[in-house]
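**Student:** sequence first, predicted coordinates after that:
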Amino acid sequence: MTPYVADPVYLNGRFLPLAEAGISPLDRGFLYGDGVYEVIPVYSRRAFRIDEHVKRLQATLDGIKLANPLTADGWKEVIAKLIETAPWDDQSIYLQVTRGADDKRDHAFPPASVPSTAFAFASPLVTTPAEVRARGVAAITVPDLRWSRCDLKVISLLANVLARQQAVEQGCAEALLIRDRFMKEGAASNIFIVKDGLLLAPPKTHLMLPGITYDVILELAATHQQALEVREISETELRSADEVWMTSSTKEILAITTLDGQPVGTGKPGPFGEQMWQWYQDFKNTVMRKG
Ligand code: PDD
């Protein structure tokens with residue numbers, strides 16, 4: 001077991017130690033990045049919004065025309081077993097399905113007789129340290145070089161990888177992706193902005209991943225009657241925002257306080273982001289942890 005992967009892992013119908021989990025080097029995930037994935041946070045050994053994650057997995061599989069190797073209940077059983085056997089109460093479940101290994105290399109799909117590869121494992125949930133949260137993080141903007149189906153959670157993540165690496169090399173936590181002068185999302189997160197007390201969220205289109213955390217934030221804004229508009233956010237609006245947040249299953253809600261070296265608003269996490277973080281924690285501790 002590595003410090004961040006629990007034994008056993010799941011591979012193609014079996015639970016086995018990571019060290020014994022092998023796949024063919026001809027796997028299309030390896031050769032083409034031909035596959036899909038999900039990341040599901042687990043709080044107090046309860047998988048958060050599991051139905052929504054399993055549904056998004058199905059939508060992505062449908063989007064790339066790959067049959068689901070398991071039913072929704074089948075996935076839930078796999079996830080339950082991983083959660084139960086992992087040593088941590090708060091976890092992150094990673095799962096991946098690829099188009100399997102053919103006996104030759106051909107871009108087109110292999111015959112239907114070639115089984116897909118399904119892999120899943122549990123890791124400890126890595127949370128943002130309080131001092132990082134208190135000061136917020138820095139981000140850069142980069143051109144969005146991804147393809148046109150960013151709504152699919154596919155493993156071909158090279159454009160995201162390069163964008164995030166560019167951020168890291170500049171001492172930043174995230175890269176915000178700009179396409180045709182509009183901000184779509186982060187390399188591995190959704191982005192919200194606040195301007196004059198109004199929360200703005202980009203709409204779910206084929207150019208943005210429909211985040212599960214994004215949905216929770218829209219729900220919390222509605223529950224607390226917070227003014228919210230879902231519409232495209234221009235690069236100009238992004239640069240003049242009072243607050244910018246990134247959201248994801250693992251980052252939850254994190255203030256971006258510097259953008260391309262310039263302070264966002266006051267340069268400190270803003271009051272609305274703090275409020276939303278608190279609502280999110282309350283929701284997590286009541287609804288998520290206690291189910
Ligand atoms: N990333 N947008 C992109 C491009 C992402 O990769 C992610 C999540 C999100 C947020 O989605 P959610 O709220 O469902 O986590 C938005 C995961 C955590 C990852 O790739 O590790």
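**Tutor:** That came through fine. Residues are numbered from 1 along each chain as shown.
**Student:** which bits of this protein sit near the ligand?
**Tutor:** Of all the residues in the chain, those in contact range of the ligand (Cβ under 6 Å from any ligand atom) are 39, 160, 185, 188-190, 209, 211-214, 247-250. All C-beta atoms are positioned from the backbone trio N, CA, C, and that covers glycine.
**Student:** 8 Å instead, please
**Tutor:** Taking Cβ under 8 Å from any ligand atom, the part of the chain that reaches the ligand is made up of 37, 39, 41, 53, 56, 94, 150, 153, 157, 160, 185-190, 208-216, 247-251.
**Student:** so which of those are in helices?
**Tutor:** Among those, DSSP state H puts 53, 56, 160, 212-216 in helices.
**Student:** among those residues, who's most crowded?
**Tutor:** Ranked by neighbour count (other Cβ atoms under 10 Å), these have residue 216 at the top, with 24 neighbours.
**Student:** wait, that one touches residue 284, no?
**Tutor:** No - when contacts are counted by Cβ atoms under 8 Å, residue 216 is not listed as touching residue 284 (9.1 Å).
**Student:** show me the helices in this structure, by range?
**Tutor:** Assigned by DSSP H, the helices in the chain fall at 28-32, 50-63, 72-85, 130-135, 158-169, 212-223, 235-239, 271-283, 289-290.
**Student:** got these as CSV, with mean pLDDT columns?
**Tutor:** Output for these, formatted as CSV (pLDDT from 0 to 100):
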stretch, mean pLDDT
helix 28-32, 98
helix 50-63, 98
helix 72-85, 98
helix 130-135, 96
helix 158-169, 98
helix 212-223, 97
helix 235-239, 98
helix 271-283, 96
helix 289-290, 75
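**Student:** nearest to residue 144, out of the ones you listed?
**Tutor:** helix 158-169 (7.6 Å; Cβ to Cβ).
**Student:** just how off-centre is the closest one within its chain?
**Tutor:** Relative to its chain's centre, helix 158-169 lies at 15 Å (Cα atoms, centre = their mean, to the nearest Å).
**Student:** please save the CA atoms from that helix in PDB.
**Tutor:** Listed in PDB are the C-alpha atoms of helix 158-169, where the atom choice follows Å, rounded to 0.1, in the frame of the first residue of the first chain:
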ATOM      1  CA  LEU A 158      -3.400  16.800 -21.100                       C
ATOM      2  CA  ALA A 159      -4.600  20.400 -21.700                       C
ATOM      3  CA  ASN A 160      -5.700  20.500 -18.000                       C
ATOM      4  CA  VAL A 161      -2.400  19.000 -16.900                       C
ATOM      5  CA  LEU A 162      -0.300  21.600 -18.800                       C
ATOM      6  CA  ALA A 163      -2.500  24.500 -17.600                       C
ATOM      7  CA  ARG A 164      -2.200  23.400 -13.900                       C
ATOM      8  CA  GLN A 165       1.500  22.800 -14.300                       C
ATOM      9  CA  GLN A 166       1.900  26.400 -15.700                       C
ATOM     10  CA  ALA A 167       0.100  27.600 -12.500                       C
ATOM     11  CA  VAL A 168       2.300  25.500 -10.200                       C
ATOM     12  CA  GLU A 169       5.500  26.800 -11.900                       C
END
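**Student:** circling back to that earlier point, quick check: the farthest pair among the ones in helices among the residues of the chain next to the ligand?
**Tutor:** Taking Cβ to Cβ as the measure, these have their most distant pair in 160 and 216, spaced 21.8 Å apart.
**Student:** one step back: nearest to residue 142, out of the helices of the chain?
**Tutor:** Residue 142 sits nearest to helix 158-169 of all these, at 4.9 Å, using Cβ to Cβ.
**Student:** other residues contacting the closest one?
**Tutor:** Contacts made with helix 158-169 from outside it, assessed by Cβ atoms under 8 Å, 6 or more residues apart in numbering, are listed as 33, 139-140, 142, 144-147, 173-175, 177, 187-188.
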